[in-house]
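Visitor: Next comes the sequence, and after it the predicted model I'd like to discuss.
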Amino acid sequence: MVRSLLIFAIGILLALLTVGGFFVTRTFFAAADPQLEPKEITITRSSPTAGEVTFTTEKEAVASIECATVKEGPFSLCGAESTPTTTHNLKTSIILDPEKEYFFVIKIGNTTYDNLGLPMILPMKQEKPKSFADFPKDLLGSCEQDSQYDVTFDMNKDGCIRQNDRDLFTK
């Protein structure tokens, strides 16, 4: 009885050492393939609600990006490729909040690539500042029933385009 119990305990101990050794080896001795490291990374906000990350790798791979609205995460999948390539062009597959910047990391296989321990940033799309010169003067005085009326320039939505709409346009 004692002998059987001793053999059982030694068997459990050996199993735990084997599993533990596997995880220690995988954690401390595994290295990322340098040919899969993203290079020439370009980050653009293609529209207020979409972003794009492009980069190259020396070896073909399937990549994805994981995004979060805060630097600390949690990060979730927000863009992925379906075929291996060396020229990666990842577009966001979620609708981004136009008033927030997003933080992201690149995933290739089980390896996460970031910016020296910090996530990379997908900035908000900066709208070109509007000026009085961009406001069509010939629309001043037109109202909803007029053929030249354009609702996009009726800033206060009162049904007519007036000087106050032009003033609001630049703000």
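Guide: Yes, it's here.

Visitor: which parts of stretch 45-63 are buried?
Guide: Arg45, Ala50, Gly51, Glu52, Val53, Phe55, Thr57, Ala61, Ala63 (16 or more other CB atoms under 10 Å). Glycine gets a C-beta too; all of them are placed from N, C-alpha and C.

Visitor: Now for the residues you listed: which two are most distant?
Guide: The span of the buried residues of stretch 45-63, defined through CB to CB, is set by Arg45 and Ala61 at 24.6 Å.

Visitor: before we move on, back to that, and the least confident of the buried residues of stretch 45-63?
Guide: The lowest pLDDT within the buried residues of stretch 45-63 belongs to Arg45, with 86.

Visitor: where's Phe103 relative to Glu81, distance?
Guide: As judged by CB to CB, to the nearest Å, Phe103 and Glu81 stand 20 Å apart.

Visitor: Those two - which one has more neighbours?
Guide: Phe103 (21 against 16; other CB atoms under 10 Å).

Visitor: So Lys125 belongs to a strand, correct?
Guide: No. Using DSSP: H, G, I helix; E, B strand; the rest coil, the assignment for Lys125 is coil, not a strand.

Visitor: Once you drop chain neighbours, what's closest to it?
Guide: Arg45 (4.1 Å; CB to CB, 6 or more residues apart in numbering).

Visitor: Longest strand of this structure, counting residues only.
Guide: strand 50-61 (DSSP state E).

Visitor: Much appreciated, bye for now.
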